[in-house]
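Participant: Predicted coordinates and the sequence they were generated for:
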Amino acid sequence: MRALPISLRRLLAACALGIVAANASAELVVVVSSRSPVGALGADQVAAIFLGHATRFPDGAQAFAVDQPLGAAQRDGFYRTLTGKTPALLKAHWSKMVFTGRGQPPREAAGDAAVRRLVAGNPSMIGYIGREALDPSVRAVLALP
Amino acid sequence: MAPTWKLSGFGTMGAVYSSSRSVDFTASVLRADGAGYTRAWSPDVDSRLGAQLDVGLGDWSGVLQVVSEQRLDGSYRPELEWANIKYQLTPDLAVRAGRIALPVFLGAESRKVGYTIAWVRTPVEVYGALPISSSDGLDATWRWSTGPVLHATQVFAGRTNQDLHNGLRIKAEHIVGLSHSIERGAFSARLSAAGAHLNTAIGQELFAILRSFGPQGGVLADRYEIRNKRVSMISAGMSYDPGPWFVTAECGRTRTDSLLGGGTSVYAGAGLRRGAFTPYLGYAQVRADVATSDPGLALDGLPPPLAAAAGQINAGINGYLATIPVQSTWSAGLRWDAATNIALKLQYERVRPREGTRGALINNQPDFRPDHAVHVGSVALDFVF
């Protein structure tokens, strides 16, 4: 008689996992190296680093952003959620920065695994990946719905 | 460590139509001609090409930008817009040496990159007021923050010596200024102030003759001649851009104590973003803070031949003063982001020169009627690469 509630619990747990997994493809997390001392970050702080307005983490350490490639769904979703900017608006933003000598856009890495590898290996880097790509080498500092 | 090199560029292919046949519409007074009198449709108002070379090596970087657009002599001879070396002292503090574009108004430094602005061009009422646009010298930019507000404070000092036309030069010395930008999410603002001492030979022959008319001629020449004249510019601008819509506004004041005059300008614009389309509206105006005419030399009691000469000199002075712009413009347009690095824009403007001046228009002919609206249509294709 006890077996049923337990299997029911397992079933519910499995359902919950399934819902998480279904959402995972759309959910992005902003990550830093697991060796980085940086704690949770606000959306504004992350946006400032990725738009070239800020060069440091809140604790004062230097920050280098890593982008996903142009046209990647992660990249479009990241900037749309965080800044409301379309790819064209971002291009305009970075054109303004580049042609006034204020900075160059973040370096790019092709896909979640490449971003994760780059960020994991350098505590001053910050990137964004799909939640399902999280592993112990990196730590999420902000989740984007 | 090997240096990194990057070549990029920008440009605009534009055509502008003006309804007036007796004056030229143009983007800047430093142009040979425009649309209207010279030709009904002009490619010269907005067309330009720019190329930039960036080099980086650790904390050092360099930028070289060359821009080709129509000049006062009618040529498209490329000009060095930026040429400086930057050293990043700390992640928050950078110093540059070389040529920088003056960081005044919201975006004077990037106004030539049409792709970065919603409209076809920055409003001439505001940005046309700049007697100088670059400085050869030093600048320092310090980034700091107060809670969620990000600040960038920039100070600069230098000089400039630009060739305008046929050896006519404009020199600015002791350029000093400050620009302060703030960003908080979708909100950004900038305050700036700059000053310099200006020298140019514009009107030199007129002033030489004027000084031969004794003390009253000397007083007039001192008032208007651009010899070691203090020029100052202040401006404040803000923009709010959450993405689906945006609004931007700025105002500025320029003073020269010379025949270049001085004025106050304001501008406001807003737009909606619907997919790849951005319809927008704008209003701009500039008014003169100085008289745009002068009684000049008193003709009473002068013998007739001298009185005739003095009358011509007075007309000459007033010819210059009538070029101090008083103007307002309503504009409406549509930007289409055809690709991530190409934008096509269509824009209509109703330009109205006021108070008897020619406004920001050039090449006014004897049949030009001030205080009558000029209708201007523009099409521009902006690209960056």
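Facilitator: Perfect, I can see it now.
Participant: What helices and strands are in contact with the helix or strand hosting residue B:9?
Facilitator: Element membership for residue B:9 (DSSP states H and E) is strand B:4-18. Helices and strands touching strand B:4-18, as assessed by 3 or more C-beta pairs under 8 Å, 6 or more residues apart in numbering or on different chains; DSSP states H and E, comprise strand B:24-25, strand B:35-36, strand B:41-42, strand B:48-57, strand B:374-384. For every residue, glycine as well, the C-beta is placed using N, CA and C.
Participant: how about it: buried residues?
Facilitator: B:8-18 (16 or more other C-beta atoms under 10 Å in any protein chain shown).
Participant: just stretch B:192-202 next, same as before
Facilitator: B:192-196, B:198-202.
Participant: Residue numbers of chain A in contact with chain B?
Facilitator: Taking C-beta under 8 Å from any C-beta of the partner chain as the contact definition, chain A meets chain B at A:42, A:44-45, A:47-48, A:53-56, A:62, A:70, A:80, A:83-89, A:91-93, A:95-96, A:98-101, A:104.
Participant: all strands of chain A, in order?
Facilitator: Applying DSSP state E to chain A gives strands spanning A:28-33, A:64-67, A:107-108, A:125-130, A:138-144.
Participant: Using TSV, please lay out those strands together with distance to residue B:304.
Facilitator: Listed next are those as TSV, based on distance: least, C-beta to C-beta, whole Å:
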stretch	distance to residue B:304
strand A:28-33	84
strand A:64-67	77
strand A:107-108	78
strand A:125-130	82
strand A:138-144	84
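Participant: would you turn those strands into CSV with mean pLDDT and mean neighbour count?
Facilitator: Converted to CSV, the strands of chain A look like this (pLDDT from 0 to 100; neighbours: other C-beta atoms under 10 Å in any protein chain shown):
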stretch, mean pLDDT, mean neighbour count
strand A:28-33, 96, 24
strand A:64-67, 96, 19
strand A:107-108, 94, 14
strand A:125-130, 96, 26
strand A:138-144, 95, 18
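Participant: and residue B:350, which of those strands is closest to it?
Facilitator: Proximity to residue B:350, assessed across the strands of chain A by C-beta to C-beta, is greatest for strand A:64-67 (42.5 Å).
Participant: tell me the two of the buried residues of stretch B:192-202 that are most distant?
Facilitator: B:192 and B:201 (28.5 Å).
Participant: mind checking pLDDT for the residue in the stretch 101-250 of chain B positioned nearest to chain A?
Facilitator: Nearest to chain A in the stretch 101-250 of chain B, going by C-beta to the nearest C-beta, is residue B:243, at a distance of 2.6 Å. Per-residue confidence (pLDDT) for residue B:243: 90.
Participant: burial measure for it, as a count.
Facilitator: Neighbours of residue B:243 under the rule other C-beta atoms under 10 Å in any protein chain shown: 14.
Participant: From what I see, residue B:279 and residue B:331 are in contact.
Facilitator: No: counting by C-beta atoms under 8 Å, residue B:279 stays clear of residue B:331, with 11.6 Å between them.
Participant: These two: which is more packed in?
Facilitator: residue B:331 (21 against 14).
Participant: What residues are bridge-paired with the more buried one?
Facilitator: Beta-bridge partners for residue B:331, by DSSP bridges, are residue B:282, residue B:349.
Participant: need the contact list for it.
Facilitator: B:119, B:123, B:269, B:281-284, B:347-350 (C-beta atoms under 8 Å, 6 or more residues apart in numbering or on different chains).
Participant: what do you get for residue B:128?
Facilitator: B:27-29, B:286, B:325, B:360.
Participant: My impression was that residue B:77 belongs to a strand - is that right?
Facilitator: No: under DSSP: H, G, I helix; E, B strand; the rest coil, residue B:77 sits outside any strand and is assigned coil.
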